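Chemist: Dropping the sequence and predicted coords here.
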Protein chains: 2
Amino acid sequence: MKPLEWLGDRIRIIDQTKLPAAEVYLELHDYREVAEAIRRLSIRGAPLIGVAAAYGFALGALSIHAGSREEFLGKLDTVNETLAGSRPTAVNLFWALERMNRKAREPGDITDVKGSLVGEARRIEAENEEADRALGEYGAEFVRKGTTILTHCNAGSLATGGNGTALGVIKTARRQGKGIEVYATETRPLLQGARLTAWELTREDIPVTLITDSMAGSVMKRGLIDCVIVGADRIAANGDVANKIGTYSLAVLAAENAIPFFVAAPTSTIDLSTPSGDSIPIEERDPGEVTHLHGKRIAPEGVKAANPAFDVTPHCYVSRIITERGAVREPYIETLRELVQSQ
Amino acid sequence: MKPLEWLGDRIRIIDQTKLPAAEVYLELHDYREVAEAIRRLSIRGAPLIGVAAAYGFALGALSIHAGSREEFLGKLDTVNETLAGSRPTAVNLFWALERMNRKAREPGDITDVKGSLVGEARRIEAENEEADRALGEYGAEFVRKGTTILTHCNAGSLATGGNGTALGVIKTARRQGKGIEVYATETRPLLQGARLTAWELTREDIPVTLITDSMAGSVMKRGLIDCVIVGADRIAANGDVANKIGTYSLAVLAAENAIPFFVAAPTSTIDLSTPSGDSIPIEERDPGEVTHLHGKRIAPEGVKAANPAFDVTPHCYVSRIITERGAVREPYIETLRELVQSQ
């Protein structure tokens, strides 16, 4: 199962909003369709959003009819803005678009540039897969035999197109014969844990127990969890981590129970231009995602609801940040910079 | 709206599993129906479970045909066991049954005893209402003007038959003109916060914002919450509090953010015979409550789920325990005993 596939003039995606009840595939021919698929979470997960944005950019470029390079780049700006406006928090989106924009400005005629943009998107996808593999190996070193791991949301194949970040570590440790078990939080409001992580792990025969988000503290306190591993949507220069709403609570509960808390993410998630978590824009989504489930109202008419999609975990709660170039720890303000600049 | 009403030879209840979509009332004529209504959560909330069990006991007594006092008491034991077996955690159930059993053993012929059992159940109900009122007054002293309060599950009228415990404090402070706002956690798996607390507060015109359980840490960290108030299902002699799953997480997050954490409960919830939270039995409910919602599957087929209905919050996280006889703090091992014995 690949959540996203390039088919030469279009991309084929699995509609993640429909899982696990149905495996529905969609073909997107236009960059606007890609932006819309990201916005409504048919495509989700910070690394996969980056890959999708890159292909969306390439699709946009392929469709441009322009008499000059200036006209071409002008039209490409519209493509770029549409994709950049799809979601605000995951930095991989902006990172991928920046790479594509740089590539678009390299010398060459329009036809050459179109070709090299497709090539760049493919490279981003391939690097992403390779990053998952390397990250999984680095992360597995922190996982002992017989470990029970708690994870949140979905940081798996569905979130990256590769092995996954947090789930990539879990799968690698499992493949090393370490006898891993997983507790997956359901991750309200959109239930990515219940729908996607439980589905992905079940398909890989990794034992998983589903819990509501409210049970995470209790299972930690009862000694059932050896470590927590989550993904990230943006990591600030000081190591503060924006990730799915609820991550901060898990980090505090892990610290209180002396349980290591790991963040697994490719270096494309690290944003050195964001000094701390305070500067990370947090997407506020439709309150209807909280008051309704499967289109059915679960709260009384007229009640107000909040719906921040992410929260920020201060770096002091993070035991290690695991990337494809190795795992680092405090002082993140130094170790993250070294890591990013080590390319 | 009364969640439970005695009608002389039966009780009328609102079926809380159907709220807020529908206000369905049920009439229960038999103690077995009462036990079943408690088990399936049509009647819920520790204090209301106590009241319902008392009336269930009285209904059971009224239906007994016995030639002797011994035969009567023997048959009453079956009534008692059926009600006692309905749910394990809320101690108010056992507290109410103990009072009814004591009353049943007082001198008098069977007809007199039946009458006095009905009287005792009515007394338990009336005392409960009065406890809410007094507890609300004591609790409101801790609530300043313009306070935003986070609460979990439903500790309101629907949980007690009176004003409510946690919500009783909120309503009292509101009535004193303190301009209270509330954040209500939805309280998965059964959504008592979204379904019941949001409904109850909306009916009383108290501003309420619904959040998922996973958002509680984030709203605390962002400085939006001034204090947390929850109810309790059982308070051990040392002050450890069993309450709806997720309460422990809220207590840890409140402590981490220097937010006072209050537990509001009548003294019938304090169980001096339980030394600490470790001895409180935690009900494990059907995993289907986690994997399904409104009868619809939200997780993949075959995935395992845990479903503990309660967790235990160690007393060190509890700023005050607020009862109808006043509010106490550490050392709970002494202050709770004094409180219970002060009757």
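Modeler: Yep, it's here.

Chemist: near chain B, which residues of the stretch 101-250 of chain A show up?
Modeler: The stretch 101-250 of chain A comes close to chain B at residues A:183, A:185-189, A:191, A:194-195, A:198-199, A:202, A:207-219, A:221, A:245-246, A:248-249, as judged by CB under 8 Å from any CB of the partner chain. Glycine gets a C-beta too; all of them are placed from N, C-alpha and C.

Chemist: Any of those buried? List them.
Modeler: A:183, A:185-189, A:191, A:194-195, A:198-199, A:202, A:208-219, A:221, A:245-246, A:248-249 (16 or more other CB atoms under 10 Å in any protein chain shown).

Chemist: Now, those residues that are in strands?
Modeler: Within these, residues falling in strands by DSSP state E are A:183, A:185, A:208, A:209, A:210, A:211.

Chemist: export those residues to TSV and tack on distance to residue B:304 and pLDDT?
Modeler: Below are these laid out as TSV (distance: CB to CB, whole Å; pLDDT from 0 to 100):
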residue	distance to residue B:304	pLDDT
A:183	10	98
A:185	14	98
A:208	7	98
A:209	5	98
A:210	7	98
A:211	10	98
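
Chemist: Could you list the low-confidence segments of the stretch 201-343 of chain A?
Modeler: Residue ranges of the stretch 201-343 of chain A with pLDDT under 70: A:343.

Chemist: how about the helices in it?
Modeler: A:216-221, A:247-256, A:288-291, A:332-341 (DSSP state H, counting those that start in this stretch).

Chemist: Among those helices, which comes closest to residue A:93?
Modeler: helix A:332-341 (17.4 Å; CB to CB).

Chemist: Centre of the chain to the closest one, how far?
Modeler: 20 Å (CA atoms, centre = their mean, to the nearest Å).

Chemist: elements contacting it?
Modeler: If contacts are counted by 3 or more CB pairs under 8 Å, 6 or more residues apart in numbering or on different chains; DSSP states H and E, helix A:332-341 sits against strand A:270-271, strand A:320-323, strand A:326-328.

Chemist: Break chain A into its domains for me.
Modeler: Taking automatic domain parsing as the reference, chain A has its domains at A:4-132, A:135-341.

Chemist: okay, the ones you listed, which one's buried deepest?
Modeler: domain A:135-341 (a mean of 22; mean count of other CB atoms under 10 Å in any protein chain shown).

Chemist: gap between the two ends of it?
Modeler: End-to-end distance of domain A:135-341 (CA to CA, to the nearest Å): 17 Å.

Chemist: Farthest from the middle of chain A: give me that residue.
Modeler: With distances taken as CA atoms, centre = their mean, the residue sitting farthest from the centre of chain A turns out to be residue A:67, at 37.8 Å.

Chemist: gap between that residue and residue A:117?
Modeler: 19 Å (CB to CB, to the nearest Å).

Chemist: end to end, how far does stretch A:256-265 reach?
Modeler: One end of stretch A:256-265 to the other measures 24 Å (CA to CA).

Chemist: can you list contacts of it?
Modeler: For stretch A:256-265, contacts defined as CB atoms under 8 Å, 6 or more residues apart in numbering or on different chains pick out A:46-47, A:135, A:139, A:142, A:155, A:165-166, A:168-169, A:220-221, A:225-232, A:235, A:241, A:243, A:250-251, A:254-255, A:313, A:317-323, B:252, B:256.

Chemist: Now do the longest helix belonging to chain A: distance to the chain's middle.
Modeler: Ranked by residue count under DSSP state H, the longest helix found in chain A is helix A:110-140. Offset of helix A:110-140 from its chain centre (CA atoms, centre = their mean): 15 Å.
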